[in-house]
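Visitor: Quick one, structure for this:
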Amino acid sequence: MKVILAIISILVPGLWNCTERIEVKVDSTFTRLVVEGYVTTDTMAHWVRLSTTSDYFHNQPAPAVSKASLRLDDGEVVHTLREADTLPGWYFTDSDFYGIPGKTYTLNISDLDIDGDGLMEEYSASSELRRVNPVDSITLRYFNAFGTTGYEVQVYAWDSPERDWYSFKVKKNGIMLTDTLTEMNVQSDEFFNGNYTHGITSQFLSNEKPDEIVEIGDTITFEINGITEDYYYYVIEAQSQIFPQTPLFSGPPANIRTNLNNNAIGFFVAYSAEYSSTIATSDVVDGGVNQ
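Guide: Numbers count the residues shown, from 1 in each chain. Below is the predicted model of the structure:
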């Protein structure tokens with residue numbers, strides 16, 4: 001035993017000293033255009049944002065792409081988007097613009113040289129604007145489970161007999177709570193196609209997040225969007241890359257789909273929007289303990 005301990009006492013310090021700093025060189029790839037934009041049925045100035053990719057360790061905001069020409073074609077009328085004076089890379093429609101369900105919108109981008117070869121490039125993407133049924137009403141339901149408290153947003157609405165894909169959003173007192181891709185909730189109607197939802201839970205508001213805490217008198221607004229199947233899978237794929245993965249059970253990293261051509265990345269989407277609101281009452285907030 002003394003001999004074994006003596007050997008261990010000699011080997012262990014050596015193991016601790018067996019460290020070497022390894023420099024990992026990550027090569028640069030070619031620069032690509034990044035597009036983010038949308039068209040909805042709301043009447044407002046809709047926007048498209050253009051930027052470029054940058055190196056992995058480039059700790060700066062994505063470079064904006066200015067002075068491009070953007071046109072939006074709905075099959076009948078071509079709308080021109082103009083770059084904002086104070087927001088480089090952000091292009092807007094007129095403020096009275098709105099999308100029409102049933103139409104397909106094509107975004108055309110030109111007059112830009114992303115790869116710097118002196119030749120102008122063109123990019124395009126198309127998206128169908130699908131209809132969505134109105135929401136009859138929503139209710140809030142307090143929950144307290146597994147040490148977590150908050151509120152379920154329950155939705156009452158008819159689903160159409162067609163195959164549909166949705167995204168869900170929620171506002172509190174007019175402020176969007178789900179304003180990032182990671183917070184967006186998307187859902188297919190696979191399990192309730194053509195049926196009435198009867199208060200299906202579509203969003204959660206957690207008391208662990210300060211901006212989601214609900215107080216008596218708060219107005220909660222639910223937004224439902226009729227999206228395309230392609231955009232539904234784009235969100236799923238993007239979230240799978242953003243959220244932590246389990247190495248033993250998740251697949252290898254892969255490029256996220258896009259509906260843009262010419263090696264551009266991102267997504268241009270058209271969708272319809274319907275809304276329903278409710279006011280938080282004392283019998284709901286904190287399980288009714290304030291009554």
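Visitor: quick one: the strands in the stretch 151-291 of the chain?
Guide: Listed in chain order, the strands of the stretch 151-291 of the chain (DSSP state E, counting those that start in this stretch) span 165-172, 175-176, 185-188, 200-206, 219-227, 265-279.
Visitor: List the buried residues of the fourth one.
Guide: So the one you mean is strand 200-206. Neighbour-count burial for strand 200-206, with 16 or more other CB atoms under 10 Å as criterion, is recorded at 200, 202-203, 205. C-beta coordinates here come from the backbone N, C-alpha and C atoms, glycine included.
Visitor: now, which of the residues you listed sits nearest Glu190?
Guide: Nearest to Glu190 among the buried residues of strand 200-206: Ile200, at 12.9 Å, using CB to CB.
Visitor: what about the residue nearest to that closest one when sequence neighbours are not counted, how many residues close to it?
Guide: Nearest non-adjacent residue to Ile200, counting by CB to CB, 6 or more residues apart in numbering: Val155, 5.6 Å away. Close neighbours of Val155, defined as other CB atoms under 10 Å, add up to 22.
Visitor: Contact partners for Val155?
Guide: Contact analysis of Val155 by CB atoms under 8 Å, 6 or more residues apart in numbering lists 135, 138, 197, 199-202, 222, 224, 276.
Visitor: Name whatever forms a beta bridge with it.
Guide: Bridge pairing for Val155 (DSSP bridges) gives the partners Ile138, Ile200.
Visitor: Check what pLDDT it gets.
Guide: The per-residue pLDDT reported for Val155 equals 97.
Visitor: for the residue lying closest to Asn263 once chain neighbours are set aside, what are its contacts?
Guide: Once flanking residues are discounted, Asn263 sits nearest to Arg32: 5.6 Å by CB to CB, 6+ apart. Going by CB under 8 Å, 6+ apart, Arg32 touches 52-53, 114, 263-265.
Visitor: Would you format the residues you listed as a markdown table with pLDDT and distance to Ser272 included?
Guide: A markdown table is the format used below for the contacts of Arg32 (pLDDT from 0 to 100; distance: CB to CB, whole Å):
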| residue | pLDDT | distance to Ser272 |
| --- | --- | --- |
| Thr52 | 95 | 31 |
| Thr53 | 89 | 31 |
| Ile114 | 93 | 32 |
| Asn263 | 94 | 30 |
| Ala264 | 96 | 25 |
| Ile265 | 95 | 25 |
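Visitor: Look at the residue lying closest to Asp113 once chain neighbours are set aside and say how many residues are nearby.
Guide: Distance criterion CB to CB, 6+ apart; nearest residue to Asp113, sequence neighbours excluded, is Met120 at 5.8 Å. Residues within reach of Met120, counting by other CB under 10 Å, total 12.
Visitor: Thanks a lot, catch you later.
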